[in-house]
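Asker: coords below, sequence missing:
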């Protein structure tokens, strides 16, 4: 399953749990979700902005997004922590990507992603950001 599909499934599950009042959001959940949404938006921005960046910058932004998820995860427990943990796991392929040449040396398993993989990861972050923003307003 690809990154975007996993994030989409997580988002749909979270939205359903909130709608069905299985997941009752606390003020702390809302605060953390709002901050994480803002951090993700700052990291990845709009679909038009990312393709104009270098591969190094795009990868840096994706890693910043993953860091924002991890930081948010460190501040919560319960369903929001489970949701953020699953989202972080879905985004982990970016940790195995590299944007610089190997120059004949070992890469510790890092691979160069395709432009499509960059776009998919960025779309996944945007979907996650949208879900977190909606958690704040639910």
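Answerer: Noted; the coordinates are in hand. All figures in this text were calculated on a predicted structure; none of them were measured in a lab. Numbers count the residues shown, from 1 in each chain.
Asker: How about residues contacting the helix or strand encompassing residue 57?
Answerer: Here residue 57 is covered by helix 55-73, with elements defined by DSSP states H and E. Outside helix 55-73, the residues that touch it by C-beta atoms under 8 Å, 6 or more residues apart in numbering are 32-33, 35-36, 39-40, 42-45, 50, 53, 81, 84-85, 87-88, 91-92, 94-95, 97-100, 112-113, 118, 121-122, 125, 128. For every residue, glycine as well, the C-beta is placed using N, CA and C.
Asker: Okay, buried residues for that helix please.
Answerer: Buried residues in helix 55-73, defined by neighbour count with 16 or more other C-beta atoms under 10 Å: 58-59, 61-62, 64-66, 68-69, 72-73.
Asker: Do me a favour and average the pLDDT over it.
Answerer: Across helix 55-73, pLDDT averages out at 97.
Asker: Go ahead and measure how far that helix is from the middle of the chain.
Answerer: Helix 55-73 sits 8 Å away from the centroid of its parent chain (C-alpha atoms, centre = their mean, to the nearest Å).
Asker: Next secondary structure after it?
Answerer: Using DSSP H and E, the next helix or strand after helix 55-73 towards the C-terminus is helix 79-91.
Asker: Roughly how far does residue 13 sit from residue 83?
Answerer: As judged by C-beta to C-beta, to the nearest Å, residue 13 and residue 83 stand 8 Å apart.
Asker: which one of those two has more residues nearby?
Answerer: residue 83 (26 against 14; other C-beta atoms under 10 Å).
Asker: Pull the contacting residues for that one.
Answerer: 10, 14.
Asker: ok, the residue of the chain positioned farthest from its centre to residue 24 distance?
Answerer: No residue in the chain has its C-alpha farther from the mean C-alpha position than residue 104, which lies at 31.5 Å (C-alpha atoms, centre = their mean). Separation of residue 104 from residue 24 (C-beta to C-beta): 55 Å.
Asker: Having no further points to raise, I will conclude here.
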